[in-house]
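Student: Task: produce atomic coordinates for the following.
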Amino acid sequence: MRANRSIIYLTILVALVLQIIPMPQGVDAYRPDWVLIILCYWGMALPKRVSVGVAAICGIILDLLYGTSLGVHSIALAIPIFIVNANCQKLRNQSMAQQIIAILLLSVVHHLCIYWVQYWVMSLEFRWSLFWPTLTTIILWPWIFWLLRKLRRQFNVA
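Tutor: Below you'll find the predicted structure:
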């Protein structure tokens, strides 16, 4: 049972590493929201295991890794994961196209929360390029969903 739960934390750790891995300047603007994708999947599949608290902890870790103000990513991850947990049954029963739209909206909420908090802290100016990662996030969602579902079933994660 304990080894099964470790799959969840291992995938979150991989997402954190992918989130901070150095990328070329031109490609970095399109970096998918790896942590958000992984947390959304686990929040849909196992809402009692991956909830707002796990999202907040991942956000604090991202704040420490990025060097941003403490709580920026925590708030930005907690809000979409709260929405996922509150609607996990509806999201699970939707088609892949509908899930992609939901992930698109959750990613937009995530980036708007980051912008909003950074605007109040540092008077950050709004740029439309802020939303480029949402495109790569929704492109990756079906593959990440199927990969994590296969891992969950193979290792009987519950």
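
Student: Can you verify my assumption that Q118 contacts S69?
Tutor: Yes - between Q118 and S69 there is a contact under Cβ atoms under 8 Å: 7.4 Å. (Each C-beta comes from the backbone N, C-alpha and C, glycine too.)

Student: Which helix or strand contains the most centrally placed residue in the chain?
Tutor: Ranked by distance to the mean C-alpha position of the chain (Cα atoms, centre = their mean), the top residue is L36 at 0.3 Å. Element membership for L36 (DSSP states H and E) is helix 34-45.

Student: Return the distance of that helix from the chain's centre.
Tutor: Its chain's C-alpha centre and that of helix 34-45 lie 6 Å apart, by Cα atoms, centre = their mean, to the nearest Å.

Student: With neighbour numbers in mind, choose between Q118 and S69.
Tutor: Applying other Cβ atoms under 10 Å to Q118 and S69 shows that Q118 carries more neighbours, namely 16 against 13.

Student: give me every residue that touches that one.
Tutor: Contacts for Q118 (Cβ atoms under 8 Å, 6 or more residues apart in numbering) come out as 68-69, 72, 124.

Student: Could you dump those into JSON lines with distance to F82 and pLDDT added?
Tutor: What follows is the contacts of Q118, written out as JSON lines (distance: Cβ to Cβ, whole Å; pLDDT from 0 to 100):
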{"residue": "T68", "distance to F82": "21", "pLDDT": "88"}
{"residue": "S69", "distance to F82": "21", "pLDDT": "87"}
{"residue": "V72", "distance to F82": "17", "pLDDT": "92"}
{"residue": "L124", "distance to F82": "24", "pLDDT": "75"}
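
Student: wait, which of the residues you listed is closest to K48?
Tutor: Relative to K48, the closest of the contacts of Q118 is V72; by Cβ to Cβ it sits at 26.6 Å.

Student: Wait, that closest one touches V117, no?
Tutor: Yes - counting by Cβ under 8 Å, V117 is a contact partner of V72 at 4.7 Å.
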